[in-house]
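Sequence first, then the predicted structure:
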Amino acid sequence: MLTLSPSDLGLPPKFSSWRQYQDHAIETAWDSEVRFVGMNQPTGSGKSLAYMALASLLGRTCVLTSTKALQDQLLADFSPIGLADIRGRANYPCHLKRGMTCDEGADAHCHHRFTQQAYPPCPYAVALEKARNAPLVVTNYAYWILQNEHGGGLGSFKLLVLDEAHAAMDEVCGALSMELTSYELYRMLQARVPEPEDMVEAWRELAQRRLPFAQRTLDEQGSLIRSGYGDDQDLKEFRSWKKLVTKLLRLAGISDTGNWIVEAVPHGHRITPIWPAPFTRSRLFLDVPRVVMVSATLTRKTLELLGVPQDESAFTTYPSVFPARHYPLIHIPTVRVDHRWTPGDRRKWMERIDEILGARLDRKGIIHSVSYERAREIEEDSEYSAVMLLHDSKGAAETVAGFKTAGPPSVLVSPSVGTGHDFPYSACEFQIISKVPWPDCRTPLMAARVRADPAYRQHVMCQGLVQSCGRGMRAVDDRCENFIVDDHIRGVLATCRSELPQWFRRLYRMEEEIPKAPPRMFNGGMP
């Protein structure tokens, strides 16, 4: 392998040579004698180039990502070598009517939906046909699972790549979950919340009882749509019943009720698998002969949670290619942030955050707030609230886009950009980890997982911590300071050695005073 360059493997010309450890990662996955290969590859190690090189050696490959942004990034880099992108029907505009998606158009029996029978052909059908014939495909976890279950799949593959594999567990459980809204339950099914409402068996029995009624109603609505006499409201009704019947079918077919949990959510109830392992062989891995999992926070435990036996897998952790001095994790002793802190502790904590901000108003930064409630508290109490950008659970994309285009001083305060977002160079030159990101164990799902596996809480926290620190450091010539103002970090580093990679532990240092800010960055790297 060392004698082969990226161009020898047919990769895009922009990739002229291998980064450090890339060739080793390719060899490791290529030569593996086991089906599953897990690799902890820190930010900047070039994960995508490594697995695309592996694809050229092994054959037809599908890459799964957890966000549209990652799909877009891969498509921009590798479409010249035949990478095809496929997403759910709702992402494509339908020709039948302005503002309609292909998902809606399919239910309306749009005559464009077959690529060879209408002009212009259906955008979704064109994308699906292209993906089924492409040597390289990228899609998201949910589409992969549901398309293989209901849509005929994307064909056979030699290699399946799980990018950001630390998220695969929640992606599988999320794709298989069902949420029954109060409207669906009371108005459509004319039923009540079963008792006891936290028992999966009660919800399964409800689904089994009401499924025949829901199916008859769906058939009646479908006949009206097919007759051509239905209007927009009839189409909306049909789509509502179609979605409801799909959920009832899955809910009525649950066998292992011990692996499911009921959660009350706004306007309804969600029934979710507790663990993904019972489903990964049949829904995620399928019969693909080689499965490669990559992430900066991948651990042996991640593979275990996905149901991958140790004797069927190989696991490698690679060092970071970035100098530790360029993205240190600087602990400024402040207070222990937890439910036991006092009003005085809270004031000291906020003063410390403002002290960091005040010394870096000439640049842009991010405060990882852990929760939306804490984000609002930071904005309300900070003397620098005028330069802060916040969002709720639905406005993240717009706020992040605004932050990226804003000039300094600008501070993004968010609990949801710890993974799946890139803020290179001057887009973010410092971050403040306001609290060690322990997960909220008050939710029924997290509580059930921690009861079954007490180490799971620590596992989730470590993944969140490592991911957050990597958001602003994206290249060898990049730089981003990470400050943490929660004194729990010392205990975390002492007790989580198996969950925190060695390269990450080396970033830590403690400073009694906030260090002098380094020179400003510019978009192409360091000055």
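Arrived safely.

which residue sits closest to the spatially most central residue of the chain in space, ignoring its chain neighbours?
Nearest to the mean C-alpha position of the chain, counting by CA atoms, centre = their mean, stands S66 at 3.9 Å. The shortest distance from S66 to any non-neighbouring residue, by CB to CB, 6 or more residues apart in numbering, is to A167 (4.3 Å). Yep, even glycine has a C-beta here, placed from its N, CA and C like the rest.

how much space is there between that neighbour and D256?
In this view, A167 and D256 are 23 Å apart by CB to CB, to the nearest Å.

So which of these two has more stuff around it?
Ranked by neighbour count (other CB atoms under 10 Å), A167 and D256 place A167 first, with 23 against 10.

residues contacting that one?
66, 141, 295, 419 (CB atoms under 8 Å, 6 or more residues apart in numbering).

For these, pick the one with the most neighbours.
S295 (25 neighbours).

what bridges to that residue?
N40 (DSSP bridges).

just to revisit the earlier point, what distance do you get for the residue nearest to the centre of the chain to T139?
Look at S66 and T139: by CB to CB, they are 11 Å apart.

Over to E171?
Distance from E171 to T139, by CB to CB: 12 Å.

Same check on I432?
Counting by CB to CB - I432 and T139 are separated by 35 Å.

pLDDT weak spots in the stretch 401-527 of the chain?
523-527 (pLDDT under 70).

where along it do the helices fall?
Ranges of helices in the stretch 401-527 of the chain, per DSSP state H, counting those that start in this stretch, are 444-452, 456-469, 489-495, 502-505.

Most tightly packed of these?
helix 456-469 (a mean of 22; mean count of other CB atoms under 10 Å).

mind listing what's buried in stretch 61-79?
For stretch 61-79, burial by neighbour count (16 or more other CB atoms under 10 Å) applies to 61-66, 70-71, 74, 77-78.

ok, so what distance separates C496 from H459?
Applying CB to CB to C496 and H459 gives a distance of 9 Å.

Spell out the secondary structure type for the residue nearest to T280 when sequence neighbours are not counted.
Of all residues not flanking T280 in the chain, G307 sits nearest, at 4.7 Å (CB to CB, 6+ apart). Counting by DSSP: H, G, I helix; E, B strand; the rest coil, the backbone at G307 sits in coil.

distance of G307 from W341?
39 Å.

Give me the more crowded residue out of these two.
G307 (17 against 14).

Show the contacting residues for the more buried one.
Contacts of G307 by CB under 8 Å, 6+ apart are 276-278, 280-281.

next one: the helix or strand where T217 lies to chain centre, how far?
Assigned by DSSP states H and E, T217 belongs to helix 200-227. Distance of helix 200-227 from the chain centroid (CA atoms, centre = their mean, to the nearest Å) equals 32 Å.

tilt between the next helix or strand after that helix and helix 200-227?
For helix 200-227, the succeeding helix or strand toward the C-terminus, using DSSP H and E, is helix 232-252. Helix 232-252 runs at 150 degrees relative to helix 200-227, counting by axes from the mean of the first three to the mean of the last three CA atoms, to 10 degrees.

for helix 232-252, packing partners?
Helices and strands touching helix 232-252, by 3 or more CB pairs under 8 Å, 6 or more residues apart in numbering; DSSP states H and E, are helix 102-107, strand 178-181, helix 200-227.

which residues sit against that helix?
104, 107-108, 176, 178-180, 184, 188-189, 203-204, 207-208, 210-211, 214-215, 217-218, 221-222, 224-225, 230, 271.

same thing with stretch 388-407?
Here stretch 388-407 makes contact (CB under 8 Å, 6+ apart) with 364, 367, 372, 375-376, 378-379, 382, 410-414, 416-417, 421, 423, 427.

And that stretch, what's buried?
Neighbour counts over stretch 388-407 (16+ other CB under 10 Å) mark 388-391, 396, 399-400, 403-404 as buried.

That one: how far from the chain's middle?
Counting by CA atoms, centre = their mean, stretch 388-407 comes out at 18 Å from the chain centroid.

ends of that stretch, how far apart?
12 Å (CA to CA, to the nearest Å).

and what of stretch 220-240?
Span of stretch 220-240 from end to end, CA to CA: 13 Å.

Could I get the buried residue list for that stretch?
Buried residues in stretch 220-240, counted by 16+ other CB under 10 Å: 221-222, 224-225, 230, 235, 237-240.

Sort the residues you listed by pLDDT and name the bottom one.
Ranked by pLDDT, these bottom out at G230 (78).

what's near enough to touch that one?
Applying CB under 8 Å, 6+ apart, the residues near G230 are 221, 224, 238.

could these go into JSON lines alongside distance to F157?
Converted to JSON lines, the contacts of G230 look like this (distance: CB to CB, whole Å):
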{"residue": "Q221", "distance to F157": "37"}
{"residue": "L224", "distance to F157": "40"}
{"residue": "F238", "distance to F157": "34"}
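
show me what contacts S414?
Contacts of S414 (CB under 8 Å, 6+ apart): 366-369, 375, 390-391, 396, 399-400.

how about those residues in a markdown table, adding secondary structure?
Output for those, formatted as a markdown table (three-state DSSP):
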| residue | secondary structure |
| --- | --- |
| I366 | strand |
| I367 | strand |
| H368 | strand |
| S369 | coil |
| A375 | helix |
| L390 | coil |
| H391 | coil |
| A396 | helix |
| T399 | helix |
| V400 | helix |
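
Going by distance to V466, which of those wins?
Nearest to V466, judged by CB to CB, of the contacts of S414 is H368 at 12.2 Å.

so what's that closest one bridging to?
S414, I433.

contacting residues for it?
Contacts of H368 by CB under 8 Å, 6+ apart are 414-415, 417-418, 431-434, 437, 468.

of the residues you listed, closest to D287?
In terms of CB to CB, no member of the contacts of H368 lies closer to D287 than G418, at 34.3 Å.

ok, the closest one to A296 distance?
G418 is 12 Å from A296, by CB to CB.

Include distance to G46 and pLDDT when you put the contacts of S414 into TSV, please.
Converted to TSV, the contacts of S414 look like this (distance: CB to CB, whole Å; pLDDT from 0 to 100):
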residue	distance to G46	pLDDT
I366	24	98
I367	29	97
H368	25	97
S369	31	95
A375	33	95
L390	34	95
H391	31	92
A396	27	87
T399	30	94
V400	24	93
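
TSV please, covering these and showing distance to P123.
Formatted as TSV, these follow (distance: CB to CB, whole Å):
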residue	distance to P123
I366	36
I367	40
H368	38
S369	39
A375	38
L390	36
H391	30
A396	27
T399	29
V400	27
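
which stretches of this protein have low pLDDT?
For the chain (pLDDT under 70), the answer is 1-2, 114-118, 523-527.

Okay, domains of it per the record?
Following automatic domain parsing, one finds the domains of the chain at 177-268, 324-510.

distance between the ends of the shortest one?
One end of domain 177-268 to the other measures 13 Å (CA to CA).

try the last one
The stretch domain 324-510 measures 14 Å between its terminal residues, going by CA to CA.

chain center to that domain: distance?
The chain centre lies 17 Å from the centre of domain 324-510; the measure is CA atoms, centre = their mean.

just to revisit the earlier point, list only buried entries from the contacts of helix 232-252.
104, 107-108, 176, 178, 180, 184, 188-189, 203-204, 207, 210-211, 214, 217-218, 221-222, 224-225, 230, 271.

how about the strands in the stretch 1-150 of the chain?
In the stretch 1-150 of the chain, the strands defined using DSSP state E, counting those that start in this stretch lie at 36-40, 61-65, 83-85, 136-140.
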